[in-house]
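S.K.: With the sequence up front, the predicted model follows.
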Amino acid sequence: MGEAAKKESKPDEKVLRMDSIEFINDVTLQVVVELGRTDLTIDRITQLKRGSVIEIEKLSEEPLDIRINGRLVARGEAVIVNEMFGIRVTQVVAPEGDDVI
């Protein structure tokens, strides 16, 4: 048996296995709440100025998309939390894609 196999962990030493979910708990992911989308011509974009309004293709009562690293994971509604915007999750999207859980 080699030296590495003989080494034992100290009782107070925390050992994480690579297959443990705890191994990735501190990884940061980008969360984006998408209000809506639209297409604009270059001409329209060059005419934008302060006060311009861009109409998006989403009704005001439709839920907002919540994306993590670009992937749709949930939908929700905008809320105010301590004078800042927040999002209340109303639907969770199944991992396969479009089905709602």
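M.R.: All right, it came through fine. Residues are numbered from 1 along each chain as shown.
S.K.: so where's the longest strand in the chain?
M.R.: As assigned by DSSP state E, the longest strand anywhere in the chain is strand 71-81.
S.K.: Identify each buried residue in that one, please.
M.R.: Within strand 71-81, the residues that count as buried by 16 or more other Cβ atoms under 10 Å are V73, A74, R75, G76. Heads up, the C-betas are built off the backbone N, CA and C, glycines and all.
S.K.: V27 and T38, how far apart?
M.R.: 33 Å (Cβ to Cβ, to the nearest Å).
S.K.: Who has more neighbours out of the two?
M.R.: For V27 versus T38, the count of surrounding residues by other Cβ atoms under 10 Å is larger for T38: 10 against 6.
S.K.: Okay, and that one sits in which element?
M.R.: Using DSSP states H and E, T38 is not contained in any helix or strand.
S.K.: Contact partners for it?
M.R.: I54, E55, I56, E57 (Cβ atoms under 8 Å, 6 or more residues apart in numbering).
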